[in-house]
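Peer 1: Need a 3D model of the following:
(2 chains)
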Amino acid sequence: GQQVMQIPQYQHVQEGEDFTTYCNSSTTLSNIQWYKQRPGGHPVFLIQLVKSGEVKKQKRLTFQFGEAKKNSSLHITATQTTDVGTYFCAGGGNQGGKLIFGQGTELSVKP
Amino acid sequence: KAGVTQTPRYLIKTRGQQVTLSCSPISGHRSVSWYQQTPGQGLQFLFEYFSETQRNKGNFPGRFSGRQFSNSRSEMNVSTLELGDSALYLCASSNRGGYNEQFFGPGTRLTVL
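Peer 2: Here you go, the predicted structure:
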């Protein structure tokens, strides 16, 4: 079945450094979504990408959807301690309409 | 609008017992999906209900079942609990379907002893 792989599993950065997490699907996706889960919290929707090659920005966060619609990335510029949490990608639309989540990347930021 | 609510928030059961978890979606949302979250396996899709019908199902044994009521509230049942069922069970609602933006509830933390 469809699989969504996400790397790295953990990332420790110094505050102010950049951070990137990558997501790869075994099949073509109709859309990719990104969620953030703070420690002890629940996943919160960040963004959805639909078009091939799409790039979207939210302040210091940049999201990309690959040309083949099989991979995606989230880049955070100049991390802050408020960025701490686990970032999940989720691919949707091609497996009977369900979302398949990646394993998540846990980001820790040292002040 | 009120967010997604889940009850109970914490639950301790013993092996062999059964458990029922409840989820109330955001008002107007007809799609409710359930996920199991564990440290080793991440977020695993259990099933999705839309207008009282199960529309999608993940790769979980038949011990995991669910239903949705006419008011869109949903319940999930796990029978014959196993130690490996210990996890955070998250419910998410959507106004358009299980592969669109999901609004998650706080989850039910189930511990099986």
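
Peer 1: Just give the closest residue to residue 102, not the sequence neighbours.
Peer 2: Assuming you mean chain A. Distances taken as C-beta to C-beta, 6 or more residues apart in numbering or on different chains place A:Gln6 nearest to A:Gly102, at 3.1 Å, with adjacent residues excluded. Heads up, the C-betas are built off the backbone N, CA and C, glycines and all.

Peer 1: Chain B is the one I meant
Peer 2: Per C-beta to C-beta, 6+ apart, closest to B:Gln102 is B:Ala92, 3.8 Å.

Peer 1: Repeat that for B:Leu110.
Peer 2: Spatial nearest neighbour of B:Leu110, excluding adjacent residues (C-beta to C-beta, 6+ apart): B:Leu11 at 5.0 Å.

Peer 1: Would you map the strands across chain B?
Peer 2: B:5-7, B:10-13, B:19-24, B:31-38, B:42-50, B:53-57, B:64-68, B:74-78, B:87-94, B:103-104, B:108-112 (DSSP state E).

Peer 1: Could you export those as JSON lines, including mean neighbour count?
Peer 2: Putting the strands of chain B into JSON lines (neighbours: other C-beta atoms under 10 Å in any protein chain shown) gives the following:
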{"stretch": "strand B:5-7", "mean neighbour count": "16"}
{"stretch": "strand B:10-13", "mean neighbour count": "13"}
{"stretch": "strand B:19-24", "mean neighbour count": "19"}
{"stretch": "strand B:31-38", "mean neighbour count": "24"}
{"stretch": "strand B:42-50", "mean neighbour count": "22"}
{"stretch": "strand B:53-57", "mean neighbour count": "15"}
{"stretch": "strand B:64-68", "mean neighbour count": "19"}
{"stretch": "strand B:74-78", "mean neighbour count": "21"}
{"stretch": "strand B:87-94", "mean neighbour count": "24"}
{"stretch": "strand B:103-104", "mean neighbour count": "21"}
{"stretch": "strand B:108-112", "mean neighbour count": "18"}
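
Peer 1: would TSV of the ones you listed with mean pLDDT be doable?
Peer 2: As requested, the strands of chain B are exported to TSV (pLDDT from 0 to 100):
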stretch	mean pLDDT
strand B:5-7	97
strand B:10-13	98
strand B:19-24	98
strand B:31-38	95
strand B:42-50	92
strand B:53-57	91
strand B:64-68	97
strand B:74-78	98
strand B:87-94	96
strand B:103-104	96
strand B:108-112	97
